[in-house]
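Q: Test case, fold it:
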Amino acid sequence: MGDIRVYKYQMSSRDCTIKMPLGARILSCQIQGRFPCLWAIVDTEQEQKVPRRFIGIGTGYKIPQDVELEFIATIQTGELLVHHIFEATSMINDRKGEANG
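A: You can find the predicted model right below:
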């Protein structure tokens, strides 16, 4: 095990990809200032960085059907705006391809 710390990653949009050290574990997502931020436990000595896709979906908005989503948190971005933050863990088409062989 290396140097384990909690790092913060700011979400730049409602659908963004963030490079994180391999094995990073998401702890939380909250608003800090005016921006949604993710906090994760990371090994700072892990040199391999992997892209991870995060999606914020507003209450009442359509949920994408082409990706498998893992819920992270619900955040309030204003008095009336509520977003549900998910990580896109795989493309649905990718999974079907694996099943077929």
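
Q: from here on, contacts and neighbour counts on C-alpha atoms
A: Fine.

Q: Look up how far Val42 lies from the residue nearest to Thr44 when sequence neighbours are not counted.
A: Computed as Cα to Cα, 6 or more residues apart in numbering, the closest residue to Thr44 that is not its neighbour in sequence is Asp3, at 5.4 Å. Look at Asp3 and Val42: by Cα to Cα, to the nearest Å, they are 8 Å apart.

Q: Among these two, which residue is more densely surrounded?
A: Ranked by neighbour count (other Cα atoms under 10 Å), Asp3 and Val42 place Val42 first, with 21 against 9.

Q: Need the contact partners of the helix or strand hosting the more buried one.
A: Element membership of Val42 [criterion: DSSP states H and E] is strand 35-43. Contacts with strand 35-43, where a contact means Cα atoms under 8 Å, 6 or more residues apart in numbering, come from 1-12, 20-21, 23-31, 75, 77.

Q: Just the buried residues of those.
A: Among those, the ones that count as buried by 16 or more other Cα atoms under 10 Å are 7, 10-11, 20-21, 24, 26, 29-30, 75, 77.

Q: with those in mind, which one is nearest to Pro51?
A: Ranked by distance to Pro51 (Cα to Cα), the buried ones among the contacts of strand 35-43 are led by Met20 at 6.4 Å.

Q: Show me what the helix or strand hosting the closest one is packed against.
A: Secondary structure here is read from DSSP H and E; on that basis Met20 sits in strand 15-21. When contacts are defined as 3 or more Cα pairs under 8 Å, 6 or more residues apart in numbering; DSSP states H and E, strand 15-21 sits against strand 35-43, strand 49-58.

Q: mind giving me a markdown table with those and columns for distance to Phe86?
A: Below are the helices and strands packed on strand 15-21 laid out as a markdown table (distance: least, Cα to Cα, whole Å):
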| stretch | distance to Phe86 |
| --- | --- |
| strand 35-43 | 11 |
| strand 49-58 | 5 |
